[in-house]
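Undergrad: build me a structure from this.
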Amino acid sequence: MSGPLSGFKILDLSAVLSGPLATTWLCDQGAEVIKVEAFDGDIIRHVRKSDDGLTTVFVASNRGKEAIAIDLKARAGIDVVKRIVAEVDVVVQNFRPGAIERMGLDYDSLKALNPKLIYCSISGFGNKGPYANKRIYDPIIQGISGLTAIQGGIGKPPKMIRTLIPDVVTALTAAQAITAALLSRERTGEGQHVTVAMIDAMISLTWASMMASHMLPDQDKVNNTAPDRGDDLLFETSDGYITAVAVSEIEWQGLCRALDREEWLDNERLNTPAGRTTNTDALSELLSPIVQAKPSKYWLDLFDQHGVPCGPVLSPAEIPHDEQIIANELVDVLDHPGIGRVRQSRPAARFSGTPAHIQGPAPKIGEHTRTILDRFSFSEAEIADLYSQNVVR
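TA: Predicted coordinates:
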């Protein structure tokens, strides 16, 4: 492993997306990640038809890891995890509240084995409150966090965002928090318990924009004055869609001049930054009929010439072929065992001295069980006994 986190060892007890994706990004940065699974594997292996559980979603959220399959319902399986924990830097888990305590793999139990351990717990709502024990998937958090209301728009039905935003934001939050806890440990020599609730991560993400009209408790009231930043910033052209935004005065002047509509400069609803961010529907009504008349490239070139922030609206199929994506070398093509050629996004952050990179393919269920046990000083006799007792596979 190479990268800024080279030398750190992470035991990943998590499943589905938020935890696995967090540890994948840490793996991209050089951490050694061991994925613990039950014998039937992480459920994300089975959301699409695949060979050996290697779905494209699983590969993207588990690349570079090693895998060990353990029966965590067996006392001997728990003991295997505890022996490994004694020699790792980080444990990540996203079991429902209460489950990890019943297994004896909670922070307090593992801290006794490894006082310098960084232990990250990911959950939907944390350990208290009326929702703490709810079964959680991404859409539940979208609804409760207000994200669907934002996406639907003021006075309109709520809408789901058709990608797993809460899972991904939680993964980012967890990865950053784990790194911060490791830095703190380097300074203090002490481990700690890091807790990340999906609802906390999402509301923290959207707070600055979503709650603009609800931040002053002395003036709290139900109102609909928050800016509506939805479909009104997407404009249909003669051959597709673009997005364009004019917030500052110089951008607004550039837009009006590009369209030869300088009379808009005196429009009372749009002649201030606050007006333009609040009255986006009015802006859309003005722009849409004009922009529909010509192709996307015409408008993008014209707006660029006049300093108007703009861009194409790409489909997933178009992303790998976009000239900016290519220039950024954002998409790697890997030869992945069991799948063949597979596209992956490279690690987003670039490090000049300790480059991050995709460390390898995603593992099959239990692909490295024997290797991992040997590395953590299990004897040949112990390993043979664990296999014969069906504790590991």
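Undergrad: quick one: contacts for residue 59?
TA: Counting by CB atoms under 8 Å, 6 or more residues apart in numbering, residue 59 touches 336, 339, 342, 344, 361, 362. For the C-beta atoms, the positions are set from N, CA and C on the backbone; glycine is no exception.
Undergrad: can you classify the third one as helix, strand or coil?
TA: Spelled out, that is residue 342. Recorded secondary structure, residue 342: strand (DSSP: H, G, I helix; E, B strand; the rest coil).
Undergrad: just give the closest residue to the most centrally placed residue in the chain, not the sequence neighbours.
TA: Central residue of the chain (CA atoms, centre = their mean): residue 168, 1.9 Å from the mean position. With CB to CB, 6 or more residues apart in numbering as the criterion, residue 168 has its nearest non-adjacent residue at 6.6 Å, and that residue is residue 21.
Undergrad: from residue 313, how far out is the one you found?
TA: Residue 21 sits 25 Å away from residue 313, taking CB to CB, to the nearest Å as the criterion.
Undergrad: same thing with residue 321?
TA: For residue 321, the distance to residue 313 (CB to CB) stands at 14 Å.
Undergrad: same question, residue 259
TA: Here residue 259 is placed at a distance of 19 Å from residue 313 (CB to CB).
Undergrad: so the two - more neighbours on which side?
TA: residue 259 (18 against 14; other CB atoms under 10 Å).
Undergrad: and for the nearest residue to that one once chain neighbours are set aside, the neighbour number?
TA: Once flanking residues are discounted, residue 259 sits nearest to residue 290: 5.9 Å by CB to CB, 6+ apart. Counted with other CB under 10 Å, the neighbours of residue 290 add up to 13.
Undergrad: residue 392 is in contact with residue 71, isn't it?
TA: Yes - contact status for residue 392 versus residue 71: in contact at 7.3 Å, counting by CB atoms under 8 Å.
Undergrad: neighbour-wise, which of the two wins?
TA: Neighbour count, other CB under 10 Å: between residue 392 and residue 71, residue 392 has more, with 23 against 18.
Undergrad: for the closest residue to the more buried one other than its chain neighbours, what are its contacts?
TA: The shortest distance from residue 392 to any non-neighbouring residue, by CB to CB, 6+ apart, is to residue 386 (4.6 Å). Shown in contact with residue 386 (CB under 8 Å, 6+ apart): 76, 80, 373, 378, 392.
Undergrad: buried ones among those?
TA: For those, a burial check counting by 16 or more other CB atoms under 10 Å picks out 80, 373, 378, 392.
Undergrad: who does the last one bridge with?
TA: What that stands for is residue 392. Judged by DSSP bridges, the bridge partners of residue 392 are residue 70.
Undergrad: ok, now which ones touch it?
TA: Residue 392 neighbours (CB under 8 Å, 6+ apart): 68, 69, 70, 71, 77, 80, 366, 369, 373, 386.
Undergrad: try the third one
TA: For residue 378, the contacting residues are 80, 83, 386, by CB under 8 Å, 6+ apart.
Undergrad: can I get those in a markdown table including distance to residue 308?
TA: Formatted as a markdown table, these follow (distance: CB to CB, whole Å):
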| residue | distance to residue 308 |
| --- | --- |
| 80 | 60 |
| 83 | 61 |
| 386 | 64 |
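Undergrad: got these as a markdown table, with pLDDT, distance to residue 40 and secondary structure columns?
TA: A markdown table is the format used below for the contacts of residue 378 (pLDDT from 0 to 100; distance: CB to CB, whole Å; DSSP: H, G, I helix; E, B strand; the rest coil):
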| residue | pLDDT | distance to residue 40 | secondary structure |
| --- | --- | --- | --- |
| 80 | 98 | 18 | helix |
| 83 | 98 | 23 | helix |
| 386 | 98 | 18 | helix |
